[in-house]
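**Q** Here you go, sequence then predicted model.
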Amino acid sequence: MNRYVFYHYFIVCFTNLVMLVPYHLINERFSGSVMAIILSPFIGAIMLYMFTNALTKFPGEGLPEIFDHFYPRWLVSMIMIYKSFITGTSAAIVLSTYAVIITRFLNPEGNPYGIVLVLMVVCAFAATRSTVTVNFVLEIVLILSFPFVGFVLYKAIKSPLMNWDAVAIVAEHYNKMPSLLVIASATFVFTGFLNLSIFNRTFPTNFRFKYRWLLVLIAFIDLLMIFFIPIGVHGTEAVEHYVYIWSATADSTKMAYGFIERVLFLFLIVLLHLALAFTMVGWHMSIEFLRYLLPNNIVNPDEAKTPLRSYVIAGGILLITFSCMFFINQLSMFQLGGYFMIIRMFSEFVIVIWVYLLSKKKVRRDEKRISI
Amino acid sequence: MRKELAYSFIVLYLLASTLLTGCGFKDVDKRYFVVGMGIDKTDNEEKPYRVTLKLGVPSIQIDVGKSKTQVETIETASIAEGVRMLKSHVDKEIDFGHCKVILFGDSFARENIREAVEWMSRRRDIQNIAAIAVGSPNAEDVIKVQPGIERFPGNSLNLFFSEDATESSYTFIESLSDLTRRLNEKGLDPFLPVVTMQQEDKTYVINQVALLDKEKVVTILNPDETQLLRQLAEHISLPKQFGSYRSDPYVALINSIKTKYKIIKTDSAIKVDMNIKQAITFEEIPLNSYFEHPNQSVEQLEQAYSEDAKKLLQKIQAAGVDPFGFGLRYRVKYHLPNFDQEWPLLYKSMEFDVKTKIEVRGTGLTR
């Protein structure tokens, strides 16, 4: 079962290859990005260990059930609304960024709203499936895309354009103080474990987390590559000219003997998989959080039939996300995305520490019960 | 009831997808694929650009000499406008998706190419891996050449810049993303291969390289220097074909070459310490001379190569350009807050120390 922890961790990690993280990091590459990259695995590791240690005290329970043990229903409802807002927004950002990229490269004359709507309906349908099914879908998508992600990274590193002098120049700026935004962006890569706040339901009672250090290590290497490969390929100055830096980096390498010469198109298809899977997982969590608010909710990670309420909530999320797209353009997406990153980071600190304290409380309570 | 609902939803969803088909895609036979583009300078001040597009005509017959192209030219105030205007000159949609070679005219490249390069990297359908070159005497004439033995429209110029056909040690390949990088990077200057043509038999010759500063061509190296530069700059060279080196009476084929350089700063000057390691095979050598005096021939080659390399580096230095990236390497070690002001002076005073180490693989089939 430990592999599902890995999948949830990596889907967040690899989806960020294209989204907001490289944009903010590269913007501040001479002022603090490197320091943020060095600091973030420690922050990420501490959070990971706190959260997973806490979850072992609540076997088979998601965040709604955990809070429900300790607090009145109205307070838990508020927390759940907030959590579903956060996960829903990050999924929406990924999906809409991808829709912009796909309209730009594949079909520039197409209607972006039509494309994004079709993608959203697919994701919303997948998100209404049961928690176990979502796990399986995620596994299939990731196993299919891992080799291609690896291939694109390998092509970029081995490309003759790669200039290690440029990498060294940027790495020299490790002693600058990072801004809050960069730290928030860098730590985002390490937050995949938060998906467990719903998916912990699928794990059996005697489940134990293994190889947690490996998660952090791989995510750290991934973050280094996300940041330094584009700098090596595009140089220290021209790297900030591109809006979607990883699309430009994939486009700079070529497959002489592939069916298509542009690596870009391979990259876009891999990206499609990852973005759809990420959105599916995000919306599934939002649905599960919101289902807590409804009366007579039965928690069952492996339900045979999807209840109507899941469809209704998914439809609601879809409508809200879709109507938000009309108010957002390319620039405001990055600005709002930046604020969102910071809010997300602090809310995650709070949730992780909170759950950790609750787990301590539960242990004390259980001990008391036994001694009586 | 539930099942019917599900089915009707699926049908509705599929129906909705038919709405999407009409938006963007045009069939292949309704498209002109741009297979070569040239940008020239005109004398007209209001319309300074002359844009030439070579349009491949989709055809059923694929055979030697059957390729058909149409060449369209327009004078315009900006490149984007010119391309848009050209759409009104042809009956099919113009598509840049297969445009793999873009040429700048010689006089255009000697003025300023920045704007044109920025336009290209902003356009989504011009590939970042497209090859950029200088067309001499001007881009329009080179684009207009229709080689008699071509199979696909515009393919023969493409093949020069791809790695799977001819592999010449005289041809540099510069991609659009590398050009963008070099135009902006502090301490790394761009280069462009120069395409000339042979009018008699309508073919191309690419054996020179133009060195640019941050906006224009500064100097053009002759074929021998071009080959030497490709050997020295092996880390940026693709394909890995390095050609040969001649020092009478020897001609050595270079099998592999590795260039390493360090920048050493003493209180008086800065010095580039360059170490070249190469493995060679003799192509021309007097009979028995290597087998009798192995050291003598190698020493002569090593010395001559070091001298030639040093001369070339000094020539490039005198032109004030830096295709090697010495400035970038300097920035790694030493901090330069005002790079743009300080570096040219430092570069002018730079000294070169070149050492060559040659390892002989063999002398061919004869002794």
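**A** Right, received. Where do you want to start?
**Q** Tell me, what's the model's pLDDT at residue 236?
**A** You didn't say which chain, so I picked chain A. pLDDT, residue A:236: 89.
**Q** um, chain B though
**A** Residue B:236 is given a pLDDT of 73.
**Q** what's in contact with whatever helix or strand residue B:53 lives in?
**A** Using DSSP states H and E, residue B:53 sits within strand B:49-56. The contact list for strand B:49-56 (Cβ atoms under 8 Å, 6 or more residues apart in numbering or on different chains) reads B:32-42, B:67-79, B:82-83, B:86, B:90, B:94, B:98, B:105, B:116, B:139-140, B:143-144, B:152-154. Bear in mind the C-beta positions are built from the backbone N, C-alpha and C, glycine included.
**Q** Any of those residues buried? List them.
**A** B:32-41, B:67, B:69, B:72-76, B:79, B:82-83, B:86, B:94, B:98, B:105, B:116, B:139-140, B:143-144, B:152-154 (16 or more other Cβ atoms under 10 Å in any protein chain shown).
**Q** Filter these down to just the ones in strands.
**A** B:32-41, B:69, B:72-76, B:94, B:105 (DSSP state E).
**Q** Excluding covalently adjacent residues, which one is nearest to residue A:294?
**A** Distance criterion Cβ to Cβ, 6 or more residues apart in numbering or on different chains; nearest residue to residue A:294, sequence neighbours excluded, is residue A:309 at 5.6 Å.
**Q** Could you do residue B:185 as well?
**A** Per Cβ to Cβ, 6+ apart, closest to residue B:185 is residue A:235, 4.0 Å.
**Q** residue ranges with poor pLDDT in chain B?
**A** B:18-25, B:237-239 (pLDDT under 70).
**Q** got the residues of it near chain A?
**A** Residues of chain B lying near chain A by Cβ under 8 Å from any Cβ of the partner chain: B:13, B:16-17, B:19-20, B:23-25, B:121, B:124-125, B:127-129, B:162-164, B:175, B:177-178, B:180-186, B:188, B:235-238, B:325, B:328-329, B:331-332.
**Q** sec struct for residue 280, please.
**A** Since no chain was named, I'll use chain A. helix (DSSP: H, G, I helix; E, B strand; the rest coil).
**Q** could you do chain B instead?
**A** strand.
**Q** quick one: contacts for it?
**A** B:245, B:252, B:253, B:254, B:255, B:301, B:358, B:359, B:360, B:361.
**Q** Am I right that the first one is in a strand?
**A** Yes - the assignment for residue B:245 by three-state DSSP puts it in a strand.
**Q** Let me know the distance separating it from chain A.
**A** 22 Å (Cβ to the nearest Cβ, to the nearest Å).
**Q** Count the neighbours of residue A:233 for me.
**A** Around residue A:233 there are 28 other residues, counting by other Cβ atoms under 10 Å in any protein chain shown.
**Q** How many neighbouring residues does the closest residue to residue A:240 other than its chain neighbours have?
**A** What sits nearest to residue A:240 in space, not counting adjacent residues and going by Cβ to Cβ, 6+ apart, is residue A:26, at 5.9 Å. Neighbour count for residue A:26, taken as other Cβ under 10 Å: 20.
**Q** which stretches of the stretch 201-350 of chain A form helices?
**A** Here the stretch 201-350 of chain A has its helices, by DSSP state H, counting those that start in this stretch, at A:212-238, A:245-251, A:263-291, A:308-325, A:330-371.
**Q** Of all those, which one is nearest residue A:73?
**A** Closest to residue A:73 of those, according to Cβ to Cβ: helix A:263-291, at 13.5 Å.
**Q** all strands of chain B, in order?
**A** Under DSSP E, chain B gives strands at B:31-41, B:49-56, B:69-76, B:93-95, B:101-105, B:131-135, B:191-198, B:203-212, B:217-221, B:244-247, B:250-265, B:270-284, B:351-362.
**Q** In TSV: these, plus distance to residue A:114.
**A** Output for the strands of chain B, formatted as TSV (distance: least, Cβ to Cβ, whole Å):
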stretch	distance to residue A:114
strand B:31-41	22
strand B:49-56	31
strand B:69-76	33
strand B:93-95	21
strand B:101-105	33
strand B:131-135	36
strand B:191-198	42
strand B:203-212	44
strand B:217-221	46
strand B:244-247	59
strand B:250-265	54
strand B:270-284	58
strand B:351-362	61
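**Q** Which of those strands sits closest to residue A:53?
**A** Judged by Cβ to Cβ, the one of the strands of chain B that comes nearest to residue A:53 is strand B:250-265, at 49.8 Å.
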